[in-house]
Every structure is written in structure tokens, then in C-alpha cells.
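Student: sequence-free structure coming up:
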DNA sequence: ATGGCTGATTATATCAGA
């Protein structure tokens, strides 16, 4: 049997939090770590520090100050690709393939736009961008590029699609990340592509599941007003390989933490 | 009580996050 463990983590500045990345990799040893919000240019990415930890294969798509995604891996990465959804010049996607036995598994790492404050696309261009991004992503998931491939979509989707993906469904219905227009779009992509929502695959629908807790709570753990913004979806072809998931809640309590925690999926081939 | 915070920037206030 071959085991593959993949983690997604919105790191909120990879340079600032490099010590946390090192601790996480040492203790959890995923094969592949997908990062979002790296917040640095490619030339500023801490390549050598990560390589020293045994993760020698690194694909990055960065930009100055904001956004930015990366895939770091212990196993070779093939066919690295970066897509520019919505033609904004944003670094919000990077893809690479890993080989398991005789199968090529395609990984797509996403940082979907947050969408700003107002859930009204006519007055808020950031929310309009988020909705357009979802529409483009939907089209792309139906394209030939994905047809018939073993695929894993991961990342910070910035949407908590289901009632128990937020601390209060009622209070958040008008809050960007949980409004019906965006959760409907995400659920349509999920359904149309026959994707497996790996976190929910292992967790009953009525059980609360969060991957993000705001910095603004006086005591994040006590308030526990979380949202499930980070996701791992697999193609149906990988359904039988899904073994377990892990949401590393304790990472939210680390010193100078990201507001997102690492989310991992283990697959057995 | 969703913003009370956090991070990056040719900074000392502004933008972005969500």
C-alpha cells in the first residue's frame, strides 16, 4: 500500500510564519503541503529553509504583499501550471501532478477571493470578482483539462457552504463567506463535477466543522465562532482511496498563528 | 458583538483579509 497525505494551509505570510511551517512539517510529515496567502514574490519565498526540511520539490506562484500560493512536496512535482482566473494578474492558483504507483494525481491549489464586506456585487467590486471567479472555476471544472483525471482541488475557498460550516447559520446568511449566492455557486460546482467534499465525507452533516477563527475575537477558543473556509475535494475516481482527514485545531493556539489551521487528507492506494 | 485584530507596504496611515 502507498499512502499519500496532503495538507492545505492558509499561512497568512510564509516568511513571518516559517517557524510554524517547520514545526508543522516536522510533526505531521505530509507528503505535500499547499499554502495560500504566502504574501511574497517568488524571489522572496523561503525555498532553502523548506528544502532543508526534506521538501525539495517546490512550485510557487507569488506576488508582492498579497495573495500568493505554493506547493511544497517530498515527492517530485510534474507539469507545474499557474492559471490567472478573471485576468486580474492575481496569484491565486497553482497546479502540479504527483505520481502514486502508476497513477498521476493532479493537484490544484486555490485561493478564491475573499469578497470584501458588502454582499452586493453592484456596489462591491470585490464581491463581484468573487462571483466571477466562481463562475470561471465552474466552467473550468467542466473542461477537457479535468476530464477523466484523478484530481484533487484544495485551498482557501473563502466560502463556508453548509449550515454547520459556520457557528451561526442565521447570523451569517448576510455575511460574505456564507451568503446563499456564493454557497449556491460552490455547491453547484461540487455537484456538477461529482466531487467528494473530503472533510464532510468523514463528518456528519449536523456536526460543526471549522478551519478558520477570526483574529478579532478576544478569546477565539472560548467564543469558537469559526467557519469552514478551507477545503479538500477529490474526483470521484479517488473516492475509494480516502482514508482520513485531520483539522489541526490546536494550530490556531500557536504563538503568532495564522487565522486558518492546517487541514489534511490521507489517501491509501 | 462581526469586528474588538493582524500583516505588508519605498509605512508612521492605508489597504486587505473574511
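Tutor: All right, it came through fine. If you're wondering where the values come from, they're calculated on a predicted model, not measured in any experiment. Numbers count the residues shown, from 1 in each chain, chains lettered A, B, ... in the order given.

Student: give me every residue that touches residue A:262.
Tutor: Residue A:262 makes contact with A:7, A:8, A:9, A:24, A:28, A:33, A:246, A:247, A:248, A:251 under the criterion CB atoms under 8 Å, 6 or more residues apart in numbering. Where you see a C-beta, it was placed from the backbone N, CA and C, and this is true even at glycine.

Student: Backbone dihedrals for it, please?
Tutor: phi -70, psi 140 (degrees, to the nearest 10).

Student: just to revisit the earlier point, of all the contacts of residue A:262, which two lie farthest apart?
Tutor: The two members of the contacts of residue A:262 with the most space between them (CB to CB) are A:33 and A:247, at 14.9 Å.

Student: which residue packs closest to the residue of chain A found nearest DNA strand B, ignoring adjacent ones?
Tutor: In chain A, the residue that lies nearest DNA strand B is residue A:13 (2.9 Å; CB to the nearest atom of the strand). Nearest residue to residue A:13 in three dimensions, chain neighbours excluded: residue A:39, at 4.5 Å (CB to CB, 6 or more residues apart in numbering).

Student: Is that neighbour located within a helix, as I assumed?
Tutor: No - the assignment for residue A:39 (DSSP: H, G, I helix; E, B strand; the rest coil) gives coil, which keeps it out of a helix.

Student: Do I have it right that it meets residue A:60?
Tutor: No - shown here, residue A:39 and residue A:60 do not form a contact pair, counting by CB atoms under 8 Å, at 11.9 Å.

Student: Mind listing the shared neighbours of the two?
Tutor: Shared contacts of residue A:39 and residue A:60, counting by CB under 8 Å, 6+ apart, come down to residue A:68.

Student: Where is the longest helix in chain A?
Tutor: Using DSSP state H to define each element, chain A has its longest helix at helix A:125-141.

Student: mind listing what the helix or strand that that one is followed by pairs with, with the direction of each?
Tutor: Sequence order places strand A:150-156 as the next helix or strand after helix A:125-141, per DSSP states H and E. Here strand A:150-156 is paired, per DSSP bridges, with strand A:103-111 (parallel), strand A:230-234 (antiparallel).

Student: Among these, pick out the one with the most neighbours on average.
Tutor: Among those, strand A:230-234 has the highest mean neighbour count (mean count of other CB atoms under 10 Å), at a mean of 25.
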